[in-house]
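Chemist: Can you look at this prediction? I've put the sequence above it.
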Amino acid sequence: MLSGTVKFNAILAGDNEISERLYEQTKKLLKQSGVYYTGFVSDEKNGLSAYLPYLGNMGQLEEIIDRENIEMVVIAIETTGKKEAENLINRLSEKE
């Protein structure tokens, strides 16, 4: 995994305010586990596009997961967005 021969695809999904910070905090740790960010999903293209490809909006999340063979979704939603987070988790629970 450390050499990069075993890779698992991940996406970062959620708000712009915390997504860049979360990306910086998690990319090295995830890479050590063989997890690599394929891109990000947000309701609009944002500052994270300087680091990752924009894959689409939150309405397309399930399609993006299937198309990109995503095995992990990192959720970047402010704590004030509890309802939004619950909705997103419910949607993701339908996926393996």
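Modeler: That came through, no problem.
Chemist: And the worst-scoring helix or strand of the chain on mean pLDDT, how far out from the chain middle?
Modeler: Ranked by mean pLDDT, DSSP states H and E, the weakest helix or strand in the chain is helix 82-92, scoring a mean of 82. From the chain centre to the centre of helix 82-92 is a distance of 14 Å (Cα atoms, centre = their mean, to the nearest Å).
Chemist: for the chain, what are the low-confidence residue spans?
Modeler: Flagging of the chain using pLDDT under 70 yields the residue ranges 1-4, 79-81.
Chemist: hey, C-alpha coordinates of stretch 40-50 in PDB?
Modeler: Only the C-alpha atoms of stretch 40-50 are listed here, as PDB (Å, rounded to 0.1, in the frame of the first residue of the first chain):
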ATOM      1  CA  PHE A  40     -14.500  15.900  -5.200                       C
ATOM      2  CA  VAL A  41     -18.300  16.300  -5.400                       C
ATOM      3  CA  SER A  42     -20.000  19.500  -4.400                       C
ATOM      4  CA  ASP A  43     -23.000  21.500  -5.400                       C
ATOM      5  CA  GLU A  44     -20.600  23.800  -7.300                       C
ATOM      6  CA  LYS A  45     -17.000  23.800  -8.400                       C
ATOM      7  CA  ASN A  46     -15.000  25.500  -5.700                       C
ATOM      8  CA  GLY A  47     -11.500  26.100  -4.500                       C
ATOM      9  CA  LEU A  48     -10.800  22.400  -4.000                       C
ATOM     10  CA  SER A  49     -10.500  22.200  -7.800                       C
ATOM     11  CA  ALA A  50      -6.900  23.500  -7.400                       C
END
